[in-house]
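In: Coordinates for the following, if possible.
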Amino acid sequence: MRSRGCRSIDLRRTVMAVIILAALVFTLVRVQVVQSAKHNPGGIPSAEAAADKAPVGATPLLVDVFTVQEHEIRLDNTISGSVEPYRTATIAAEVAERIIRRPVQRGDHVNSGDLLATLYGETAASALSQANHMREQAIAARLQAETDYQRALVETDAGRQQAKAQVEQALADLDSARARESQATAGERKAFAYTRRQEQRQADEALNQACVDEKLAGIERGRQETLYRQGATARDALDRAQATYDSAVARRKSTEQASSLAKEGARQEDRDTATAQVAAAAGQVSAAQHQVEQARAALRTAETRDTRLAALRRQIDGLRAQERESADGVRQAQIALEKRTIRAPFAGRVLATMADIGDMPGPGAPIVRLGEVVRVKVTFAVPEASRPALMKNCRLTITADAIPGRSFSGQITSVGYQADPASRTYPIEITVENSGETLLPGMVARVSIPDPVGSNRLSIPVAAVAGEAGGKACVYVIEQSIAHKREVTLGAPGGDFVEILTDLRAGERIAMAPQRLSEGAAVKLRTAGPSSSQKVD
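Out: Model (predicted):
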């Protein structure tokens, strides 16, 4: 009995405790309702009041909410573009010849100068050989003419100098012959003329002086003989006196002969000799004059060799012109032969091959298309609102749809200054270093261009947007703790927010985790962030 009484007391105590706890909970709820009414005078029910109206039997989902409002964002304008090689070249044939070799295939990497194709070139090689032969002949002819000219120049100078020397020598010989002729003529005149009285008087005076000298020398000889006999002088003095006397006698005899000849005049043989001398002198003068004429003729001949030198110079000029023409022919033949060998103008990848071995493409027909891909360029069409933010040499980040998770840094190398009339967009070109050749021509690339000026736009967090299978965007609007799905139209993204264009009003509350919700789901609200503290109209 006692045990049953104890259990009854414990049961009553438990019931009382539950009643007291319920009363405390009710009191706390009433206090929170009053406080919520104070903070929510517009009549919007609080989370607890809304929870009382939730469907019976539903388990509310605890969700964060965000109050729709205007938010200052900088919109990121994502633009699609196309990757292109940094530069491309379509290598074409310049002559109509058959392709005999094409060592490259599509996708091959080639360096600058690598062989792309070879055309048939036997005819061009033969023409080059003939042109080289003609050039060698022209060079040999020109060298021979220059050698002849140098030899003729030396001979002409030597002949001119020799002829001048001969003229001068002939003139000197003529002057000498004329002097001898004058001397012979004077001798002839003297031989044919009578002795002049002055010469006779001189001869007589010379004879008288010689007689006086002989007489004095005889007296001196006699005195010396007397002195010698007396022993007053030496034998040498006597001998000198005798010699002086003998000399005086000889001079006297010579002057007598000269006086006699002066009286008689020139002899006939002397006259004949003088005449012969005059004739010989005249002959020498004539011969000297002839030599002068010959020397002058030789000088004129030597001077006329300048005409031959001028002719040789003209010949050399003509041969040099032929040599230049032959050199031009060699260059043209070399160019014609080089056109049969097609090489890569720069390093890159073979993008396409348009002709094969055995084909005979005409001039200008493409054979290989080459592109440089270690650098690529991406072309975009930029809206006019984003154009002012783009300047040359600015760097932007580029992504490619085919290479998820990677980004590439590029530099703006070209900015258009005229919009396309139809799309009102401006072309820009971004160069990207692509050393690993990751970006390939034709890939779709994207670039995000930030809005240079932020603006207040009605926006919501990107995390609050849910998608449907049809590609439409929707959000869950919370009304009286019930989630209602609503389709919305999104604008441009801006960081973690996205612009709302239609179907939402400022002040409405949306769920931040829409993936767990469905239409009509019961939720228990939890305010998310400071944005929900704003007044809701």
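
In: Which is the succeeding secondary structure element to the worst-scoring helix or strand of the chain on mean pLDDT?
Out: Ranked by mean pLDDT, DSSP states H and E, the weakest helix or strand in the chain is helix 47-52, scoring a mean of 39. Following helix 47-52 in sequence order, the next helix or strand is strand 61-67 (DSSP states H and E).

In: tell me what the longest helix seen in the chain is packed against?
Out: What stands out as the longest helix in the chain, according to DSSP state H, is helix 122-192. Counting by 3 or more CB pairs under 8 Å, 6 or more residues apart in numbering; DSSP states H and E, the packing neighbours recorded for helix 122-192 are helix 268-303, helix 305-338. Placement of C-beta: from N, CA and C, glycine included.

In: pLDDT averaged over the shortest one, what's the number?
Out: In this model, helix 305-338 has a mean pLDDT of 87.

In: if we can go back for a sec, could I get the helices and strands packed on helix 122-192 in TSV, plus columns for mean neighbour count and distance to V373?
Out: Compiled in TSV, the helices and strands packed on helix 122-192 are given as follows (neighbours: other CB atoms under 10 Å; distance: least, CB to CB, whole Å):
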stretch	mean neighbour count	distance to V373
helix 268-303	16	77
helix 305-338	15	27
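
In: Could you dump the ones you listed into CSV and include distance to S423?
Out: Below are those laid out as CSV (distance: least, CB to CB, whole Å):
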stretch, distance to S423
helix 268-303, 88
helix 305-338, 46
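
In: quick one, which of these is nearest to I510?
Out: Smallest distance to I510 across those (CB to CB): 73.2 Å, for helix 305-338.

In: and the angle from that closest one to helix 122-192?
Out: Comparing the axes of helix 305-338 and helix 122-192 via axes from the mean of the first three to the mean of the last three CA atoms, to 10 degrees yields an angle of 170 degrees.

In: Which SSE is immediately downstream of helix 305-338?
Out: strand 341-343.

In: Can you spell out which helices and strands pack onto that following strand?
Out: strand 115-119.

In: Partner strands of the strand it packs on, with direction?
Out: Note on strand 115-119: by DSSP bridges, its sheet partners are strand 99-101 (antiparallel), strand 341-343 (antiparallel).

In: Kindly reformat those strands as CSV containing distance to A513, mean pLDDT and mean neighbour count.
Out: CSV is the format used below for the strands paired with strand 115-119 (distance: least, CB to CB, whole Å; pLDDT from 0 to 100; neighbours: other CB atoms under 10 Å):
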stretch, distance to A513, mean pLDDT, mean neighbour count
strand 99-101, 67, 92, 15
strand 341-343, 64, 91, 16
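
In: For D359, which of those strands is the nearest?
Out: strand 99-101 (5.2 Å).

In: ok, and what's touching the closest one?
Out: 115, 117-120, 355-361, 367 (CB atoms under 8 Å, 6 or more residues apart in numbering).

In: Selection in ChimeraX covering whichever of those residues are buried, please.
Out: In ChimeraX syntax, the buried subset of these is picked out as below (16 or more other CB atoms under 10 Å):
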select :117,118,119,355,361,367
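
In: Among the contacts of strand 99-101, which pair sits farthest apart?
Out: Using CB to CB, the contacts of strand 99-101 reach their maximum pairwise distance at L115 and M360, which is 18.8 Å.

In: Break this protein into its domains for me.
Out: Segmentation of the chain into domains, based on automatic domain parsing, reads 65-75+454-533, 78-120+348-450.

In: Those: lowest mean pLDDT?
Out: domain 65-75+454-533 (a mean of 76).

In: so how many other residues sit close to E487?
Out: 12 (other CB atoms under 10 Å).

In: got a list of what it touches?
Out: Listed by CB under 8 Å, 6+ apart, the contact set of E487 reads K472, A473, C474, D503.

In: re the thing from before, angle of the longest helix of the chain against helix 268-303?
Out: 160 degrees.

In: so after helix 122-192, what's the next helix or strand?
Out: helix 197-230.

In: Show me what the helix or strand following that following helix is packed up against.
Out: Going down the chain from helix 197-230, the next helix or strand is helix 235-264, by DSSP H and E. In terms of contacts (3+ CB pairs under 8 Å, 6+ apart), helix 235-264 is packed against helix 197-230.

In: that older thread, possible to save the contacts of strand 99-101 as a markdown table with distance to L337?
Out: A markdown table is the format used below for the contacts of strand 99-101 (distance: CB to CB, whole Å):
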| residue | distance to L337 |
| --- | --- |
| L115 | 14 |
| A117 | 14 |
| T118 | 11 |
| L119 | 10 |
| Y120 | 11 |
| A355 | 20 |
| D356 | 22 |
| I357 | 20 |
| G358 | 21 |
| D359 | 20 |
| M360 | 18 |
| P361 | 18 |
| I367 | 17 |
